[in-house]
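1. The following comprises the amino acid sequence and a computationally predicted model.
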Amino acid sequence: MEAGRVSSTGGMLSSTDIGVAVIGAGMAGKAHAAAYRTASTLYDSILPPIRLVSIADVYEPLAEAGAKRFGYERHDTSWQAIVDAPDIDVVSVVVANHLHREIVEALLAAGKHVLCEKPLSDSLESAYAMADAARNASTVARVGFTYRRAPGIAAIRDLIQSGTLGRVYHITGRYFADYAADPNVAISWRFKGEPGTGALADVGSHLAYLTEFLGGPISSVNGGRFRTVIPERPKPVGVVSGHGHSQVSDEYDTVENDDYATFSIEFAGGAAGAVEVSRVAAGHPNGLSLEVYAENGAATWSQERPSEMQLFLNEGPAGQRGYRQVLLGPAHPYVAGGAPIDVSGVGFGQNEGFAVQARAFLEEVAGIPEADSLPRNASFDEGVRNMVLLEAVAESARRGGASVDIDN
Ligand SMILES: NC(=O)c1ccc[n+]([C@@H]2O[C@H](COP(=O)([O-])OP(=O)(O)OC[C@H]3O[C@@H](n4cnc5c(N)ncnc54)[C@H](O)[C@@H]3O)[C@@H](O)[C@H]2O)c1
């Protein structure tokens with residue numbers, strides 16, 4: 001089972017408390033800040049005391065507001081202050097992808113445990129360097145592929161791994177977002193970099209990870225294709241945070257990377273796959289969906305209806321077959337003993353995913369054995385693997401959709 005989690009060590013493993021900080025107080029930074037606050041309240045009380053120490057952001061009003069809102073002891077305005085702080089043990093790095101490497105390397109060198117946001121970096125070269133740094137560190141380094149904690153995705157994985165669905169024929173992954181559908185959305189770090197660093201890296205990195213999470217190793221990708229549909233965007237007046245609208249000037253800047261991307265997959269196990277991602281898909285603020293078609297039926301899940309999965313099994317009279325709605329609950333991963341009301345029908349969202357991810361990270365840092373913990377977060381090597389897949393899609397696009405092999 002991905003996370004049929006009921007066992008625990010039953011008592012506090014260590015009385016040494018853990019000091020936590022978050023670097024980046026933007027959209028996802030807030031989710032990390034909230035997650036560390038909630039982590040101890042999920043499942044049994046096996047974590048040592050968690051001290052919420054600092055939120056750091058170069059834009060001080062955000063850092064200050066974040067620290068106040070989520071109950072952190074202080075705020076800082078530079079990531080270096082976090083590196084130098086002796087009262088901080090665990091740090092989430094939640095800033096633009098091109099900033100990950102420098103910050104993560106400094107944190108690991110200073111002996112901090114690091115949970116870095118996805119994708120691991122903005123270039124494969126930097127990702128490899130970060131994985132080397134992680135290997136040489138005595139602390140824990142993990143990447144936040146949050147969606148593996150969605151009960152529906154983990155449940156579908158269980159259906160595959162238990163053999164219930166039988167041999168997988170094909171998997172479709174779609175991540176449609178609309179945060180850039182309005183041409184007046186200001187230019188920001190998300191729109192800069194080579195083709196492949198746009199929608200593909202931003203939302204497609206989740207899918208590259210999840211298709212392998214469900215379907216096993218990918219052996220090649222083909223049909224890589226990028227589109228930039230809005231070639232210029234207004235410059236912001238002031239600070240841009242997350243996907244939100246900000247005031248813009250009448251000066252424009254070039255969008256360098258992909259608004260839309262698609263590619264096909266060959267899995268080493270023989271299944272096929274197709275992925276389509278967008279940041280300009282009107283009406284889909286956060287439309288991640290996965291569909292698995294297999295020998296014994298099919299299972300699908302969508303972030304737009306995160307508390308259910310659709311299951312079709314080839315059983316019963318032909319005239320009575322059909323997809324059935326399965327409300328996710330304590331019979332599925334991550335639910336039992338987790339949230340305060342751990343029953344079907346209460347609903348789960350992406351914020352819960354961040355909280356369970358933080359919990360898994362703190363359990364590992366606290367030295368709780370793997371067998372008694374939530375499944376560990378992805379390693380930096382898995383973060384590299386994810387970027388190898390993204391780079392292969394970019395290579396396929398450069399070569400007119402050619403097939404690009406992936407080493408396994
Ligand atoms: N796992 C998920 O579901 C998920 C969701 C959204 C974003 N992300 C990832 O999180 C990261 C951040 O994305 P975001 O949407 O929160 O970005 P954002 O632009 O909203 O926030 C980034 C913050 O970093 C701050 N910052 C910039 N330079 C800094 C520096 N040198 N030191 C400290 N702070 C600095 C900015 O002021 C900003 O507040 C990215 O890697 C992104 O891919 C993951």
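-> Nice, I can see it.

2. For the residue nearest the centre of the chain, give its distance to the ligand.
-> Per CA atoms, centre = their mean, the C-alpha nearest to the average position across the chain is that of F145, at 2.8 Å. Noted for F145: a distance of 7 Å to the ligand, by CB to the nearest ligand atom, to the nearest Å. (Each C-beta comes from the backbone N, C-alpha and C, glycine too.)

3. Could you list the residues of the protein in contact with the ligand?
-> 23-29, 56-59, 62, 79, 94-97, 99, 117-118, 144, 146, 202, 241-242 (CB under 6 Å from any ligand atom).

4. give me every residue that touches the residue of the chain found nearest the ligand.
-> Using CB to the nearest ligand atom, the single residue of the chain nearest to the ligand is G26, 1.9 Å away. Counting by CB atoms under 8 Å, 6 or more residues apart in numbering, G26 touches D57, L62, V94, V95, S241, G242.

5. Just the buried residues from the residues you listed, in ChimeraX please.
-> Buried residues among the contacts of G26 (16 or more other CB atoms under 10 Å), as a ChimeraX selection:
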select :57,62,94,95,241
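
6. Go through the contacts of G26 and name the one nearest A39.
-> V94 (15.4 Å; CB to CB).

7. Contacts only, for that closest one.
-> The neighbours of V94, taking CB under 8 Å, 6+ apart as the test, are V22, I23, G24, G26, A28, G29, H32, E117.

8. So the first one sits against A34, correct?
-> Going back to what we said before, that points to V22. No: between V22 and A34 no contact is recorded; they are 9.6 Å apart, counting by CB atoms under 8 Å.

9. Which one's more surrounded, these two?
-> More crowded of V22 and A34, by other CB atoms under 10 Å: V22, with 34 against 19.

10. what about the more buried one, which SS state?
-> Put simply, V22 is strand when judged by DSSP: H, G, I helix; E, B strand; the rest coil.

11. check contacts around it.
-> Counted by CB under 8 Å, 6+ apart, V22 has contacts G29, H32, A33, Y36, S54, I55, A56, G66, Y72, V91, S92, V94.

12. Tell me the spacing between it and L107.
-> 12 Å (CB to CB, to the nearest Å).

13. ok, back up a step: out of the contacts of G26, list just those in helices.
-> Secondary structure from DSSP state H places L62 of the contacts of G26 in helices.

14. could the contacts of G26 go into CSV alongside pLDDT?
-> What follows is the contacts of G26, written out as CSV (pLDDT from 0 to 100):
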residue, pLDDT
D57, 98
L62, 96
V94, 98
V95, 98
S241, 73
G242, 69
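
15. Grab the nearest non-local neighbour of the residue nearest to the centre of the chain.
-> Leaving aside its sequence neighbours, F145 sits nearest to Y209 (CB to CB, 6 or more residues apart in numbering; 4.6 Å).

16. and that neighbour, how many neighbours?
-> The tally of other residues near Y209 (other CB under 10 Å) stands at 23.

17. Quick one: residues contacting it.
-> Contacts for Y209 (CB under 8 Å, 6+ apart) come out as K118, F145, Y147, R148, A378, E382, N386.

18. how about 10 Å then?
-> 118-119, 143, 145-148, 378, 382-383, 385-386, 389 (CB atoms under 10 Å, 6 or more residues apart in numbering).

19. which residue ranges form the strands in the stretch 201-350 of the chain?
-> Here the stretch 201-350 of the chain has its strands, by DSSP state E, counting those that start in this stretch, at 218-227, 232-236, 248-254, 260-267, 272-278, 287-294, 297-302, 308-313, 324-327.

20. Mean pLDDT and mean neighbour count added to those, as a markdown table?
-> A markdown table is the format used below for the strands of the stretch 201-350 of the chain (pLDDT from 0 to 100; neighbours: other CB atoms under 10 Å):
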| stretch | mean pLDDT | mean neighbour count |
| --- | --- | --- |
| strand 218-227 | 98 | 20 |
| strand 232-236 | 95 | 17 |
| strand 248-254 | 94 | 13 |
| strand 260-267 | 98 | 23 |
| strand 272-278 | 98 | 22 |
| strand 287-294 | 98 | 21 |
| strand 297-302 | 98 | 21 |
| strand 308-313 | 98 | 20 |
| strand 324-327 | 98 | 13 |
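
21. among the ones you listed, which is nearest N351?
-> Counting by CB to CB, N351 lies closest to strand 287-294 out of these; the figure is 14.5 Å.

22. that older thread, who wins for most neighbours among the contacts of V94?
-> Ranked by neighbour count (other CB under 10 Å), those have V22 at the top, with 34 neighbours.

23. still on that earlier bit, just put the strands of the stretch 201-350 of the chain in TSV and tack on distance to R398.
-> Output for those, formatted as TSV (distance: least, CB to CB, whole Å):
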stretch	distance to R398
strand 218-227	8
strand 232-236	23
strand 248-254	19
strand 260-267	12
strand 272-278	17
strand 287-294	26
strand 297-302	32
strand 308-313	37
strand 324-327	42
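
24. Indicate which one of these is closest to I341.
-> Nearest to I341 among these is strand 324-327 (13.4 Å), distances taken as CB to CB.

25. Check which helices and strands the closest one sits against.
-> With contacts taken as 3 or more CB pairs under 10 Å, 6 or more residues apart in numbering; DSSP states H and E, strand 324-327 sits against strand 308-313.
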